[in-house]
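K.L.:
Pasting the sequence and the predicted model now:
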Amino acid sequence: KGTPLERFARGGGRALGQDRIQELDKRGIDLQALDINTFWWYAAERDLATKIVQVQDEGLSKWCAAHPDRFVAFTSPALQFPDLAAEQIEHAVKNLGMRGVAVGGHVAGEPLSMPKYDPFWAKVQDLGVMVFMHPNNAENVAKKDAFAGAGDLGNIIGNPLETGLFLTHLIFDGTLDRFPGLKICGAHAGGYLPSYLGRTDVACDVRQNAKCVNKKHPREYMHDQIFADSMVFTPEGIRHLVAEMGPTQVVYGTDIPLVWPDTIDAILAAEIPDAPKEAILCGN
C-alpha cells in the first residue's frame, strides 16, 4: 500500500523499476544519475572486490542501456586498491558508457588525499569524468556512540561533517593542485564546507601550524574544481551556495527514491536571478 515512494522506503528504497520512472515523471525530472554507495566493499579482499564492482557496474549499465533517455550511471570502484580502482573506472567509462565515479569520504579511515590514491585520481583526470562523493555517517571521525540519541545524528551531523572533511583534505593536502583537471561534487550541498568557508579560507594565512600545501586559497577551488548539489532544502541555503561557490558550481540533486524532500521549490524561491536557477536545474 501507499505511493511508489513509500513502498520504496519500506523496502529499502533502492530498486530499479517502473516505479522509479514514475516518481521522476511526477517531479518533472528528465534524467537521473545513479550510483551505489555505503561502499561496504572497501573492506573486501581484491578478488571479491573485483567481482562486487563488476556485478554493480554491469547491472547499472544494463538498466541505463534499457532507458538511455532517462538514466546515466557512476561506477563505485574498490578504492582500497587504487590501481584496481583505476582499471575499474577505465573499463566502466570506456566500455560500459558510465559517466562518472562515486566514492566515499575515506577508506578505512584514510583520507583520499594520501599519495597512495594518486593513481586513482590520475585516471579520473585522464578520463575527464566527474567524481561524486557520498558520505556514510562520519564513522572515520566520530568516536563510538558519538551520534547516539534522538535525531538520526549520524546522518544529520555525520554526513555533512564527513563531506566537509573530505573536500578540505583534497584542498589542504594538495590533491587538487596535483590534479588540476579534477571535478569533485560533494553530496548534500558540499557538507559543512560552503557553510563556514570563511574560516577555512583564511586558515593557511593566519595559522602557522596549519602546514597547508595548497597553492591557492580554498575559495578558488570552490569556484572551479569543487561542486555541490542542491540538497540543502531551503531558498536561503541555495542563495548562500551560489554566493560562496558561484552559479556554475551548484547542480540539482535528489535522494529519490529515498525520503528527503525535493529541492526544486527551494531553487525556484531562492533570491537569485532566473539564469542561475535554470543553470542549477538543468544547465550545469
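P.N.:
Happy to help now that I have it.

K.L.:
Contacts for the lengthiest helix in the chain, please.
P.N.:
In terms of residue count, the longest helix belonging to the chain (DSSP state H) is helix 46-66. Identification of contacts with helix 46-66 by C-beta atoms under 8 Å, 6 or more residues apart in numbering yields 16, 34, 36, 41-42, 44, 71-73, 75-78, 80-81, 84, 88, 91-92, 96-98. In short, each C-beta sits where N, CA and C put it, glycine included.

K.L.:
Recalculate using a threshold of 10 Å.
P.N.:
Contacts to helix 46-66, defined as C-beta atoms under 10 Å, 6 or more residues apart in numbering, come from residues 16-17, 20, 32-36, 40-44, 70-81, 83-85, 87-89, 91-92, 95-99.

K.L.:
Next SSE downstream of the helix or strand of the chain with the lowest mean pLDDT?
P.N.:
Of all helical and strand segments in the chain, the minimum by mean pLDDT, DSSP states H and E falls on helix 4-10, at a mean of 49. Once the chain leaves helix 4-10, the next helix or strand it forms, by DSSP states H and E, is helix 18-27.

K.L.:
Report the distance from that next one to the chain centre.
P.N.:
Remark: helix 18-27 is offset 22 Å from the chain centroid, using C-alpha atoms, centre = their mean, to the nearest Å.

K.L.:
who does it touch, helix- and strand-wise?
P.N.:
If contacts are counted by 3 or more C-beta pairs under 10 Å, 6 or more residues apart in numbering; DSSP states H and E, helix 18-27 sits against helix 4-10, strand 32-34, strand 71-75.

K.L.:
what comes up buried for it?
P.N.:
Going by neighbour count (16 or more other C-beta atoms under 10 Å), the buried part of helix 18-27 is 20, 21, 23, 24.

K.L.:
What is the nearest of those residues to residue 246?
P.N.:
residue 24 (27.8 Å; C-beta to C-beta).

K.L.:
Tell me, how many residues neighbour the nearest residue to residue 247 once chain neighbours are set aside?
P.N.:
Excluding the flanking residues, the one nearest residue 247 by C-beta to C-beta, 6 or more residues apart in numbering is residue 276, at 3.7 Å. Neighbourhood size, residue 276 [other C-beta atoms under 10 Å]: 20.

K.L.:
same deal with residue 152?
P.N.:
Residues lying near residue 152 (other C-beta under 10 Å) number 12.

K.L.:
One more: residue 225?
P.N.:
Count around residue 225 with other C-beta under 10 Å applied: 21.

K.L.:
separation between residue 255 and residue 174?
P.N.:
Using C-beta to C-beta, to the nearest Å, residue 255 is found at 32 Å from residue 174.

K.L.:
buried set for the helix or strand that contains residue 241?
P.N.:
Take DSSP H and E as the rule and residue 241 turns out to sit in helix 235-245. Under the neighbour-count criterion of 16+ other C-beta under 10 Å, helix 235-245 has 235, 237, 238, 239, 240, 241, 242, 244, 245 buried.

K.L.:
Remind me what it packs against, helices and strands.
P.N.:
helix 187-190, helix 197-206, helix 218-222, strand 226-229, strand 250-251, helix 264-269, helix 274-278.
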